[in-house]
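Asker: Task: produce atomic coordinates for the following.
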Amino acid sequence: MWGIIPAAGNGTRIQPLAFSKELLPVGSRTEEDGSERPKAVSEYLVERMVEGGATKICFVISPTKSDIVRYYGGGIGKVDTAFVVQPHAAGLCDAIFRACPLIAADEEVLIGLPDTIWFPSDGLARLPRDRLAFLLFPVERPELFDAVVLGDGDRVEEVQVKREGARSNWVWGAFRMPGRVFHDLHRLWCRPERQDEYFGTLVNAWLAQGNEAVGVRAGEAYVDVGTLGGYRSAIQLLGPER
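Answerer: Below you'll find the predicted structure:
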C-alpha cells in the first residue's frame, strides 16, 4: 500500500523559514536510548499512514526541497520511500498524480497533507478499502477548507471547495482509495477541459459521472500547521495528554 505525501508547496503562509515547511519542528519524540529530539510536522502524517497500512511512502517534492530527501531518504523504519519531483507548483491534483507511474491498479493509496496534525491517529485504518473514502473532521470555519456534504449512507454528494456558507462543517483531512480509482481520477483529470487545481472539484466531476465516494466522520481534531495560528494550536493539541 502506498502513502502519497504532496510536499511541493512553497509554504508562503508561514515563511520565512530556513527549511521546508514540512520539516517544521512541532512537538518531540523519544528515541530508543531515552533521548528527546524535535519532531517534524510531516512525521505525524507518516506515522498515521503507516498505522493505516502503508508499506511505501512517496513524497512529491519541488526541485528546491532536497532537505526532505536528506531527512527521509535514509528510510522510515521498514517502510520504503520514494521521491517524485513536481517541477512547478500547480495544485494538489498535479502533485498527487505525479506518483501515478508508481501505483499499480491493485494497490491501495492513502493521501494526506504533510502540514496538518489530526486525531485519532488510526483514522486512515477506519476507512473502507474498496472505494474512495474521505476521513472527515469537524471544524469551526469550513469555508477555509474543502467541506464534504454527505447524503444517505454517508455517500458524498458534493465537495464544497473553500466556499462561503458551506453546507457542512465536516472537512476532509485525508483519504483512501483503490489504485484503480486513483487511475480513473487521473484519466479524468487529464482531459483537456479539466486539469483541476483542487481535488474537490475533480471529485465532483467524477461523482457526476455516476461514481460513488463515502465520508467517514471519525475525525476528532484537525489542525493546519501552515499558519502561525495553526502552529500555536498544534502545540496546544500536542499537550501532555497526547
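Asker: And the helices in the chain?
Answerer: 41-51, 66-72, 92-97, 179-189, 199-208, 228-237 (DSSP state H).
Asker: Out of the ones you listed, point me to the one whose mean pLDDT is lowest.
Answerer: Among the helices of the chain, helix 228-237 carries the lowest mean pLDDT, at a mean of 85.
Asker: Determine the set of other helices and strands touching that helix.
Answerer: Applying 3 or more Cβ pairs under 8 Å, 6 or more residues apart in numbering; DSSP states H and E, we find helix 228-237 packed against strand 25-30, strand 116-119, strand 221-224. For every residue, glycine as well, the C-beta is placed using N, CA and C.
Asker: okay if I get these as JSON lines plus mean neighbour count, distance to Arg131 and mean pLDDT?
Answerer: Listed next are the helices and strands packed on helix 228-237 as JSON lines, based on neighbours: other Cβ atoms under 10 Å; distance: least, Cβ to Cβ, whole Å; pLDDT from 0 to 100:
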{"stretch": "strand 25-30", "mean neighbour count": "14", "distance to Arg131": "32", "mean pLDDT": "87"}
{"stretch": "strand 116-119", "mean neighbour count": "22", "distance to Arg131": "21", "mean pLDDT": "96"}
{"stretch": "strand 221-224", "mean neighbour count": "22", "distance to Arg131": "22", "mean pLDDT": "94"}
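Asker: Dump those to TSV, plus distance to Gly215.
Answerer: Shown next, in TSV, are the helices and strands packed on helix 228-237 (distance: least, Cβ to Cβ, whole Å):
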stretch	distance to Gly215
strand 25-30	27
strand 116-119	15
strand 221-224	14
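Asker: between these, which gets nearest to Arg176?
Answerer: Arg176 lies closest to strand 116-119 among the helices and strands packed on helix 228-237, at 14.2 Å (Cβ to Cβ).
Asker: and that closest one, how far from the chain's centre?
Answerer: 10 Å (Cα atoms, centre = their mean, to the nearest Å).
Asker: Pull the residues that contact it.
Answerer: If you take Cβ atoms under 8 Å, 6 or more residues apart in numbering as the criterion, strand 116-119 is touched by 26, 41, 44-45, 48, 137, 173-174, 219-225, 234, 237-238, 242.
Asker: I'd like to know which of the helices of the chain lies nearest to Asn169.
Answerer: helix 199-208 (15.4 Å).
Asker: Return the distance of the closest one from the chain's centre.
Answerer: 17 Å.
Asker: Return the residues in contact with the nearest residue in space to Gln86 that is not next to it in sequence.
Answerer: Nearest non-adjacent residue to Gln86, counting by Cβ to Cβ, 6 or more residues apart in numbering: Ala8, 4.1 Å away. By Cβ under 8 Å, 6+ apart, the contact list for Ala8 reads Val60, Ile61, Ser62, Lys65, Val85, Gln86, Ala89, Ala95.
Asker: which parts of stretch 197-210 are buried?
Answerer: Phe199, Gly200, Thr201, Leu202, Val203, Asn204, Ala205, Trp206, Leu207 (16 or more other Cβ atoms under 10 Å).
Asker: follow-up on the earlier one: nearest to Gly52, out of the helices and strands packed on helix 228-237?
Answerer: strand 116-119 (12.2 Å).
Asker: What pairs with that closest one, parallel or antiparallel?
Answerer: strand 221-224 (antiparallel) (DSSP bridges).
Asker: Off-centre distance for the strand it pairs with?
Answerer: Here the centre of strand 221-224 is set off from its chain's centre by 12 Å, with Cα atoms, centre = their mean.
Asker: Sweet, I'm off.
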